[in-house]
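> model this:
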Amino acid sequence: MIWTGWSLNRVCILIIGLGYLLTFAQVTMYHYRQNFRHYAMWLPVIVGPAVAVAATALALLNLTWLEPVTSGLLWLATAGGVVGFAYHFVGVGERVGGYQTTNFLVGPPIILPLIFSALGVLGLVALYWR
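Numbering: from 1, shown residues only. This is a model prediction of the structure:
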């Protein structure tokens, strides 16, 4: 098998790359549906595939120069997810009725940006855990 002898960190980085690819697809559909009304909607659409490519390349090619690139992108994705959570939370409150349960169900998904951040944190742990 191709991953025979791989460390757990390397396998995690590969899974993180694939996770960002899938998350990118979902985020792009949601933000496209909203016509990218706010410039911040572009961050996960651009950073998501960049992290996916960098993390997957790092896992498959194991090139040391990709580590700081991947790390920087993971930090950006983590911070972007936290900012996205704030925008989504405010967006729920702007709907008619404010912070009612139904607005959390039909408004912007407040958990998806946190998943974006959680993937970033897991990737950073996999990169720096020795």
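> who's in contact with the spatially most central residue of the chain?
The centre of the chain sits closest to residue 116, judged by CA atoms, centre = their mean, with a distance of 3.0 Å. For residue 116, the contacting residues are 23, 27, 44, 48, 77, 80-81, 84, by CB atoms under 8 Å, 6 or more residues apart in numbering. No exception for glycine: its C-beta is placed from N, CA and C like everyone else's.
> repeat for residue 73
Taking CB under 8 Å, 6+ apart, we find residue 73 in contact with 47, 50-51, 54-55.
> that one - nearest residue in space that isn't next to it in sequence?
In space, and not counting its chain neighbours, residue 73 is closest to residue 51: 4.6 Å by CB to CB, 6 or more residues apart in numbering.
> one more: residue 12?
Of all residues not flanking residue 12 in the chain, residue 126 sits nearest, at 3.8 Å (CB to CB, 6+ apart).
> surely the one you found is in contact with residue 14?
No - shown here, residue 126 and residue 14 do not form a contact pair, counting by CB atoms under 8 Å, at 9.5 Å.
> so which of those two has more stuff around it?
Taking neighbours as other CB atoms under 10 Å, residue 126 and residue 14 compare with residue 126 leading, 23 against 19.
> what strand or helix carries that one?
In this assignment (DSSP states H and E), residue 126 forms part of helix 111-128.
> residues of that helix that come out buried?
For helix 111-128, burial by neighbour count (16 or more other CB atoms under 10 Å) applies to 112-113, 115-117, 119-120, 122-124, 126-127.
> and which of the residues you listed is nearest to residue 71?
residue 127 (5.6 Å; CB to CB).
> which pLDDT value goes with that closest one?
Note for residue 127: predicted pLDDT of 95.
> quick one: residues contacting it.
Neighbour list for residue 127: 9, 13, 67, 70-71, 74 [criterion: CB under 8 Å, 6+ apart].
> got a markdown table for the residues you listed, with pLDDT, secondary structure and distance to residue 103 too?
Shown next, in a markdown table, are the contacts of residue 127 (pLDDT from 0 to 100; DSSP: H, G, I helix; E, B strand; the rest coil; distance: CB to CB, whole Å):
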| residue | pLDDT | secondary structure | distance to residue 103 |
| --- | --- | --- | --- |
| 9 | 93 | helix | 40 |
| 13 | 96 | helix | 37 |
| 67 | 96 | helix | 42 |
| 70 | 98 | helix | 37 |
| 71 | 98 | helix | 37 |
| 74 | 98 | helix | 31 |
